[in-house]
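Peer 1: Here's my sequence, what's the structure:
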Amino acid sequence: MTRTTARLTGLTAALFAGALVLAGCADDDSDAAGHGSMTHGSSASAGSSAEQAEFNDADVAFAREMIPHHRQAIAMAELAQGRAADPRVLDLAARIQAAQDPEIETMTGWLHDWDADAGHMDDSMGGMDHGEGGMMSEGDMQALMAATGPEFDRLFLSGMIAHHQGAVRMATEEAENGRATEALALARSIDDSQNAEIAEMQQLLTELGG
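Peer 2: Predicted coordinates:
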């Protein structure tokens with residue numbers, strides 16, 4: 001074998017080895033790209049945008065916590081019928097129920113779509129209190145159930161203000177940390193609507209001497 005032939009043979013072997021290395025890197029990059037975020041469904045099936053939407057742990061926590069939070073607000077609103085004295089309190093309670101019932105359905109659907117176990121969700125939300133989620137304690141709910149007339153109106157408004165403030169904090173946390181488009185949109189909607197209702201309830205509570 002001549003020196004020229006030997007050099008060509010060595011060069012060919014080096015180029016072949018380099019091609020194998022590049023191919024391996026490309027495969028690694030392709031694999032890594034598939035693990036950057038959580039998605040619902042596979043890339044092979046097109047599906048709808050909702051089915052393929054990206055989500056993260058913050059989105060799941062938002063839905064899991066807001067569902068029982070909404071349930072308690074609805075339970076409070078249902079007590080207004082037959083107990084409230086001021087028609088504005090009755091109207092507010094009806095609006096809260098009408099808004100939050102469909103939102104519970106929506107969030108329950110997300111958890112199903114995300115294959116996220118809703119876990120054990122009840123109206124107490126574990127250890128949450130007014131300083132955390134704005135939730136009414138069992139004692140607070142008993143007092144609200146026992147009240148009627150102007151006393152009910154004041155207890156309802158003060159309790160619902162704290163409850164809404166908790167929901168706004170939860171929505172703010174989702175807006176800062178969430179990823180799912182639908183969850184972020186609901187968080188913004190909750191922030192807007194419940195802040196407006198907080199202002200409305202504070203004004204009404206002042207007028208009722210609360």
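Peer 1: quick one: low-confidence parts of this structure?
Peer 2: The chain contains residues with pLDDT under 70 at 1-53, 118-132.
Peer 1: now the helices: where do they sit in it?
Peer 2: Under the criterion DSSP state H, helices of the chain are mapped to 3-33, 49-52, 57-79, 87-113, 138-146, 149-177, 181-207.
Peer 1: need those helices in CSV with mean neighbour count, can you?
Peer 2: Glycine gets a C-beta too; all of them are placed from N, C-alpha and C. Rendered in CSV, the data for these read as follows (neighbours: other Cβ atoms under 10 Å):
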stretch, mean neighbour count
helix 3-33, 10
helix 49-52, 12
helix 57-79, 21
helix 87-113, 16
helix 138-146, 14
helix 149-177, 20
helix 181-207, 17
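Peer 1: Could you report the distance from residue 162 to residue 181?
Peer 2: Residue 162 sits at a distance of 30 Å from residue 181 (criterion: Cβ to Cβ, to the nearest Å).
Peer 1: Wait, residue 72 touches residue 134, no?
Peer 2: No - the criterion here is Cβ atoms under 8 Å, and residue 72 misses it with residue 134 at 9.3 Å.
Peer 1: okay, and the common contacts of those two?
Peer 2: By Cβ atoms under 8 Å, 6 or more residues apart in numbering, residue 72 and residue 134 have these common neighbours: residue 163.
Peer 1: which residues touch the residue nearest to residue 195 when sequence neighbours are not counted?
Peer 2: In space, not counting the residues next to it along the chain, residue 195 is nearest to residue 168; the distance is 6.0 Å by Cβ to Cβ, 6 or more residues apart in numbering. Residues touching residue 168, when contacts are defined by Cβ under 8 Å, 6+ apart, comprise 190-191, 194-195, 198.
Peer 1: how does it look with 10 Å?
Peer 2: Each residue near residue 168 by Cβ atoms under 10 Å, 6 or more residues apart in numbering is listed here: 134, 187, 190-195, 197-198.
Peer 1: How about residue 142?
Peer 2: Taking Cβ under 10 Å, 6+ apart as the definition, contacts of residue 142 comprise residue 136.
Peer 1: What separation is there between it and residue 78?
Peer 2: The value you get for residue 142 to residue 78, if Cβ to Cβ is used, is 15 Å.
Peer 1: Same check on residue 69?
Peer 2: Here the criterion is Cβ to Cβ. By it, residue 69 lies 15 Å from residue 78.
Peer 1: Same check on residue 208?
Peer 2: Using Cβ to Cβ, we find residue 208 at a distance of 21 Å from residue 78.
Peer 1: now residue 156
Peer 2: Between residue 156 and residue 78 the distance is 11 Å, computed by Cβ to Cβ.
Peer 1: go on, residue 164?
Peer 2: Taken as Cβ to Cβ, the spacing of residue 164 relative to residue 78 amounts to 17 Å.
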